[in-house]
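# Next comes the sequence, and after it the predicted model I'd like to discuss.
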Amino acid sequence: MCKIGSPLLSFLLCSLCTPLQGIFFIQKAEKAYKLYSKYKEYCVFNCSSNNKKYYDYVEEKKIQQILKEQRFEEQFLITTACFDAGINIIDRDVKHIVIDIVDIDSLIQCMGRKRIQDEDDKVYIYIKAISNQRLAGLKRSMEEKVKMADFYMQNGYSVEKLIDKYPMQNDPNNILYDDLVYDEEGKVIPGSYTKTVNEPMYFKKKEDIADYAIMLEVYKKYGYCKFLAQKLGFYNYDIGKYTYRMINEEYGLENYLEKMVADEVVLLQQKDRSELISMINAKQDGKLLKKVATLNQVLEERELDYRIKEFETTRYIEDSDGNKKKKKYKNAWKIVRF
């Protein structure tokens, strides 16, 4: 289990004595492209043709050649999960597969893109670790979207009741999606639409919720890592130990930042920020960096999905006589998900 991003790619580039190759599967096209843009001379980039913003950077001829020859010339292929189905890579030089995909079924499919030829054809697998705090957040989000679908079905597929119950709610999981309305002649009624339940996605998310519950309630600490290790066979029953290796140096910081988000912690004064600054541990000339813009830049470079928000707030402070006085804090901090 590891932290996915530039540090890992830099490590692979610097540590390989021979030009062994690797594949990066990254869920978000934006993140995949950012990684590719830093190391263009070593990489080829791929994403879905439906992604209008980033598909312009895909070299279609190279991708078609990869599909045909089942191998690539560059040292690294950086792709989204659009490359996970029906594609084989048959190349003994591909020794590293790095996966930043949350969905476990897609993750396993990504692993299978490299076809193992024999016992000597071995590969290193790097999978992004997911904290329990984030698992809990994903589980809550999925449960809410499944509840929306349940409500819709239980109320006679009424769009009006759905909107009244869940106003201004989007569904990134596409359990409910907009569908066209047709008249008796089969023609589209302009300006009319309904909601349709995506049944495969509905049941898939219910399975995911059950898996997340097992990770959190059964495996507990490092639940995602342990669940995945069991599923992939990285558990030695004879000695009762997991055989994967954690190489995520940012895991503790990510947990810390997620807890600050969950607890809605507000750092009112400069003295309140010392622990956060120490946890980020960004230094220049041996000194800790403390400015909000600099720290946010560090978080971005480390590809952590959190930022420090600086804002003005007011609190009522009680003095020694029990009187409450209004005090304004012009530069309070809090952590937000980016």
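The structure has been received and is ready for your questions.

# Now stretch 205-222: buried residues?
Neighbour-count burial for stretch 205-222, counted by 16 or more other Cβ atoms under 10 Å, picks out 205-206, 208-209, 211-212, 215-216, 219, 222. From N, CA and C alone the C-beta is placed, and that goes for glycine too.

# mind checking the end-to-end distance for that stretch?
Taking Cα to Cα, to the nearest Å as the measure, stretch 205-222 stretches 21 Å from start to finish.

# quick one: it to chain centroid distance?
17 Å (Cα atoms, centre = their mean, to the nearest Å).

# what do you get for stretch 90-104?
16 Å.

# Which one of the buried residues of stretch 205-222 is nearest to residue 75?
For these, the minimum distance to residue 75 (Cβ to Cβ) is 31.2 Å, reached by residue 222.

# so the closest one makes contact with residue 135?
No: the criterion here is Cβ atoms under 8 Å, and residue 222 misses it with residue 135 at 10.4 Å.

# average pLDDT for stretch 286-303?
Confidence for stretch 286-303, expressed as mean pLDDT, is 86.

# low-confidence ranges in this protein?
For the chain, the stretches flagged by pLDDT under 70 are 1-19, 84-86, 247-251, 303.

# Looking at the record's assignment, how would you partition it?
Listed by automatic domain parsing, the domain ranges of the chain are 6-129+222-242, 133-207, 251-337.

# so which of these is the most packed in?
Among the domains of the chain, domain 6-129+222-242 has the highest mean neighbour count (mean count of other Cβ atoms under 10 Å), at a mean of 17.

# In this structure residue 317 contacts residue 325, no?
Yes: at 5.5 Å, residue 317 and residue 325 qualify as touching, with contact defined as Cβ under 8 Å.

# Name the next helix or strand downstream of the longest helix along the chain, please.
If you go by DSSP state H, the chain has its longest helix at helix 132-154. The helix or strand immediately downstream of helix 132-154 is helix 159-165, counting by DSSP states H and E.

# for that following helix, packing partners?
Where contact means 3 or more Cβ pairs under 8 Å, 6 or more residues apart in numbering; DSSP states H and E, helix 159-165 is packed against helix 132-154, strand 188-197.

# Residue 330 is nearest to which of those?
Of all the helices and strands packed on helix 159-165, helix 132-154 sits nearest to residue 330, with 29.9 Å by Cβ to Cβ.

# how about that closest one as PDB, C-alpha atoms only?
Extracted as PDB, the C-alpha positions of helix 132-154 are listed here (Å, rounded to 0.1, in the frame of the first residue of the first chain):
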ATOM      1  CA  ASN A 132     -10.700   4.700   7.700                       C
ATOM      2  CA  GLN A 133     -11.900   8.300   7.900                       C
ATOM      3  CA  ARG A 134     -12.200   8.400   4.100                       C
ATOM      4  CA  LEU A 135     -13.800   5.000   4.000                       C
ATOM      5  CA  ALA A 136     -16.500   6.200   6.500                       C
ATOM      6  CA  GLY A 137     -17.100   9.300   4.300                       C
ATOM      7  CA  LEU A 138     -17.400   7.100   1.200                       C
ATOM      8  CA  LYS A 139     -19.800   4.800   3.000                       C
ATOM      9  CA  ARG A 140     -22.000   7.700   4.200                       C
ATOM     10  CA  SER A 141     -22.100   9.200   0.700                       C
ATOM     11  CA  MET A 142     -23.100   5.900  -0.900                       C
ATOM     12  CA  GLU A 143     -25.700   5.200   1.700                       C
ATOM     13  CA  GLU A 144     -27.300   8.600   1.100                       C
ATOM     14  CA  LYS A 145     -27.500   8.000  -2.600                       C
ATOM     15  CA  VAL A 146     -29.000   4.500  -2.200                       C
ATOM     16  CA  LYS A 147     -31.600   6.000   0.200                       C
ATOM     17  CA  MET A 148     -32.500   8.500  -2.500                       C
ATOM     18  CA  ALA A 149     -33.100   5.600  -5.000                       C
ATOM     19  CA  ASP A 150     -35.100   3.700  -2.300                       C
ATOM     20  CA  PHE A 151     -37.200   6.700  -1.700                       C
ATOM     21  CA  TYR A 152     -37.800   7.200  -5.400                       C
ATOM     22  CA  MET A 153     -38.900   3.600  -5.900                       C
ATOM     23  CA  GLN A 154     -41.000   3.500  -2.700                       C
END
